[in-house]
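*Asks:* Provided below are the primary sequence and the corresponding predicted coordinates.
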Amino acid sequence: MRRCWCAQLIAALFLSACLPQQLYAFDFALWDAILKKNTRSSNYEGIGYIGFDYAATLNSRDFDKLVAGLASFSTGQLGGREEVMAFWINAYNIFAVKLVRENFPIICIKDVGSFISPVWDKPAGKVGGKIYSLNDIEHKILRPMNEPAIHFAIVCASVSCPDMLPEAYTPAALKNQLKSQVNRFLENKQKGMRIDRKNKTVHLSMIFDWYEKDFTPAGGIISFLNSELVGNHNIPADYAIKHLPYNWDLNVVR
C-alpha cells in the first residue's frame with residue numbers, strides 16, 4: 001500500500017511539473033493567435049507601424065468566440081494587479097478591433113462615431129454581461145491604476161497610435177511587454193519621439209499632451225522619458241516640448 005501511495009505521489013508531481021505553471025482566469029489564446037496571424041509591418045505617409053489585417057477577421061469564428069467569451073466572463077475571477085491590467089488592455093484592443101470590424105471598411109475609427117457621439121463613448125463590447133465603451137475601459141479602469149505605460153499598450157486603431165503588440169498581454173510578461181511597447185514607440189521618430197538637440201526641443205506624440213498628468217507619478221514627462229531611454233540619450237530638463245502631428249487613419253495592413 002505504501003509503495004502504491006509513493007508511486008501516486010511521484011506521478012502527481014511529474015504531472016504537475018509538465019503542466020503550465022501560469023494559469024489565468026481568462027484564456028486569451030484565441031486573441032494571441034489572431035494577433036500573430038494578422039499583424040504585419042506597414043508604412044503610411046512616411047509613418048512606420050504595425051498594421052492589423054481587419055479584412056481577414058471579418059468572418060473569423062475565433063474572433064466571435066473570443067468576444068462571446070468576454071461577454072460571459074466574470075471579472076471577479078481576476079486576481080492581482082497584473083492580471084487585471086493585462087485583461088483590460090487586451091479587452092480594450094479587442095473591442096477597438098471589434099468596432100472597426102463591425103463597420104468595415106472605414107478610413108478612420110472616428111468614422112464610427114460623430115462629433116456629438118464620439119466612437120470612444122459608443123458601446124464597444126460586453127464583459128460579464130455589462131456593456132463597456134473604450135472610454136469606460138481607459139478612463140474608469142486602466143488610468144486609475146496609475147501606470148503611464150498603459151498608454152503605449154492600448155491601441156485606438158490608428159496609424160499614430162502605439163503599435164499593436166503581436167501577442168496577447170499576460171500577467172507574467174506584462175512588465176516586459178509594457179517596457180518593450182514604450183521603447184518601440186519612443187524609437188519611432190515619425191510618431192513617438194524625435195529629439196532636436198540643436199534647438200533644445202523634444203518632439204513627442206500628442207499622447208503626452210492629452211495625458212500629461214498621468215506622467216506626474218514618474219516625475220513628469222521628461223523624467224519618464226529619461227527613465228526609459230538608454231545610453232547617452234537623456235533629455236535635459238530645460239528642453240522645450242512640441243508635439244508631432246497625429247494621423248488618425250486606420251492602422252490597417254498596407
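*Replies:* Looks like it came in fine. Residues are numbered from 1 along each chain as shown.
*Asks:* okay, CA-based contacts and neighbour counts for the rest of this
*Replies:* Will do.
*Asks:* check what pLDDT residue 228 gets.
*Replies:* With respect to pLDDT, residue 228 has a value of 88.
*Asks:* what do you get for residue 133?
*Replies:* 98.
*Asks:* do residue 11 as well
*Replies:* Note for residue 11: predicted pLDDT of 44.
*Asks:* mind checking how far residue 186 is from residue 163?
*Replies:* According to C-alpha to C-alpha, to the nearest Å, residue 186 stands 11 Å off from residue 163.
*Asks:* which of the two has more neighbours?
*Replies:* For residue 186 versus residue 163, neighbours defined as other C-alpha atoms under 10 Å are more numerous around residue 163 (26 against 21).
*Asks:* what helix or strand is the more buried one located in?
*Replies:* For residue 163, there is no host helix or strand (DSSP states H and E).
*Asks:* go on, residue 203?
*Replies:* Going by DSSP H and E, residue 203 is part of strand 201-204.
*Asks:* quick check: what element follows that strand along the chain?
*Replies:* Next helix or strand after strand 201-204 toward the C-terminus (DSSP H and E): helix 207-210.
*Asks:* other residues contacting that next one?
*Replies:* Contacts to helix 207-210, defined as C-alpha atoms under 8 Å, 6 or more residues apart in numbering, come from residues 151, 221, 243.
*Asks:* from those residues, which is closest to residue 50?
*Replies:* Proximity of these to residue 50 (C-alpha to C-alpha) peaks at residue 151, which lies at 16.2 Å.
*Asks:* what about the closest one, distance to residue 101?
*Replies:* Relative to residue 101, and taking C-alpha to C-alpha, residue 151 is found at 22 Å.
*Asks:* more neighbours: which of the two?
*Replies:* Between residue 151 and residue 101, counted using other C-alpha under 10 Å, residue 151 has the larger neighbour count: 21 against 17.
*Asks:* measure how buried the closest residue to residue 29 other than its chain neighbours is and give me the count.
*Replies:* Excluding the flanking residues, the one nearest residue 29 by C-alpha to C-alpha, 6 or more residues apart in numbering is residue 168, at 7.6 Å. Using other C-alpha under 10 Å, the number of residues around residue 168 comes to 24.
*Asks:* SS state for residue 168?
*Replies:* Secondary structure, DSSP: H, G, I helix; E, B strand; the rest coil: residue 168 is coil.
*Asks:* where does the stretch 1-150 of the chain dip in pLDDT?
*Replies:* Segments of the stretch 1-150 of the chain classed as low confidence (criterion: pLDDT under 70) are 1-22.
*Asks:* many thanks, have a good one.
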